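Participant: based on what follows, work out the 3D shape:
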Amino acid sequence: MSRCEKAIEITIRSKESLRMLIQKYSFKSREEEIYFFKEIKPQFLSKFIYYNAIYNIETKKPYGGYRILKKYYNNELSKIKRYFDFNLDFYRYYRTGSTYLDYKYFVRGQFDIKLALESYFIECDPSFCTSHDFKVAEIISNNMVQDYLIEKINYKINKKNRRTNLPRLFWAESKTSLVELIYALHTHKAFGNVDLKVIAKTFEKNFNIELGDYYHTFMELKNRKICKTKFINSLQDSLIRKIDEQDER
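Facilitator: Take a look at the predicted model:
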């Protein structure tokens with residue numbers, strides 16, 4: 001919590017410095033303005049929202065054992081899911097890399113009342129706000145909070161695993177290959193009805209790798225022209241080759 005307090009102070013100062021900088025700067029084009037309010041500013045805002053959320057979660061958590069805390073953290077996860085469900089249209093727009101409404105979402109003074117404006121927008125500094133830059137920051141922050149909560153819920157399991165003497169495994173293939181495998185396992189329900197994000201985070205922790213925005217990686221897989229399941233096909237080929245070698249012996 002002390003780290004959160006310090007981080008909140010730093011993010012507030014950083015956001016103010018950024019605001020002062022933009023007040024003195026003239027964007028060279030509308031594309032540059034869109035890039036700033038869609039990609040740059042939300043990175044600053046999201047850190048403030050994230051640390052503030054974690055601070056509130058940890059200061060309000062109940063006393064008790066693992067079951068009580070697990071229930072509490074799962075309830076917080078449900079709040080995040082409700083947020084994404086409520087903002088599903090914009091969430092899809094942002095996650096799929098769409099740009100056709102950027103001129104309304106991320107250009108100052110171009111807000112559209114029909115695009116579900118938040119009430120806080122009326123109090124924003126018009127020289128430093130667009131209608132949806134804060135919403136992007138919320139999406140980024142909620143993804144980080146979700147990761148934090150999943151880690152808290154799985155802490156007991158991870159703690160037990162750390163007691164074993166098994167060597168740490170490292171993923172030696174590409175991140176794209178791992179994303180291909182994760183989506184295949186999730187689609188096949190190899191782990192039951194487990195959320196894709198849980199599977200991805202488990203692979204990241206167990207194999208010491210950061211997948212980044214694996215949804216965009218999946219979109220790249222979909223756009224492959226020759227072979228959309230290159231890694232899975234190579235796994236099949238390797239296994240068949242091994243079986244054939246064993247049969248020859």
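Participant: how about stretch 220-238 as PDB, C-alpha atoms only?
Facilitator: Coordinates of each C-alpha in stretch 220-238 appear next as PDB, following Å, rounded to 0.1, in the frame of the first residue of the first chain:
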ATOM      1  CA  GLU A 220      -2.100 -11.600 -37.100                       C
ATOM      2  CA  LEU A 221      -2.500 -15.400 -37.000                       C
ATOM      3  CA  LYS A 222      -5.900 -15.000 -38.600                       C
ATOM      4  CA  ASN A 223      -4.500 -12.900 -41.400                       C
ATOM      5  CA  ARG A 224      -1.900 -15.500 -42.400                       C
ATOM      6  CA  LYS A 225      -2.300 -16.400 -46.000                       C
ATOM      7  CA  ILE A 226      -0.400 -19.700 -46.200                       C
ATOM      8  CA  CYS A 227      -0.800 -21.600 -42.900                       C
ATOM      9  CA  LYS A 228      -2.800 -20.200 -40.000                       C
ATOM     10  CA  THR A 229      -1.700 -23.000 -37.600                       C
ATOM     11  CA  LYS A 230       2.000 -23.300 -38.500                       C
ATOM     12  CA  PHE A 231       3.200 -24.200 -35.000                       C
ATOM     13  CA  ILE A 232       0.500 -26.700 -34.200                       C
ATOM     14  CA  ASN A 233       1.200 -28.400 -37.600                       C
ATOM     15  CA  SER A 234       4.900 -28.600 -36.700                       C
ATOM     16  CA  LEU A 235       4.000 -30.200 -33.400                       C
ATOM     17  CA  GLN A 236       2.000 -32.800 -35.200                       C
ATOM     18  CA  ASP A 237       4.700 -33.500 -37.700                       C
ATOM     19  CA  SER A 238       7.300 -33.800 -34.900                       C
END
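Participant: could I get the buried residue list for it?
Facilitator: Under the neighbour-count criterion of 16 or more other C-beta atoms under 10 Å, stretch 220-238 has Leu221, Phe231, Leu235 buried. Placement of C-beta: from N, CA and C, glycine included.
Participant: just stretch 205-221 next, same as before
Facilitator: The neighbour-count check on stretch 205-221 (16+ other C-beta under 10 Å) flags Ile209, Leu211, Tyr214, Tyr215, Thr217, Phe218, Leu221 as buried.
Participant: need those in TSV (columns: secondary structure).
Facilitator: Output for these, formatted as TSV (DSSP: H, G, I helix; E, B strand; the rest coil):
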residue	secondary structure
Ile209	coil
Leu211	coil
Tyr214	helix
Tyr215	helix
Thr217	helix
Phe218	helix
Leu221	helix
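Participant: would you turn these into CSV with distance to Arg241?
Facilitator: Shown next, in CSV, are the buried residues of stretch 205-221 (distance: C-beta to C-beta, whole Å):
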residue, distance to Arg241
Ile209, 26
Leu211, 28
Tyr214, 29
Tyr215, 33
Thr217, 27
Phe218, 28
Leu221, 24
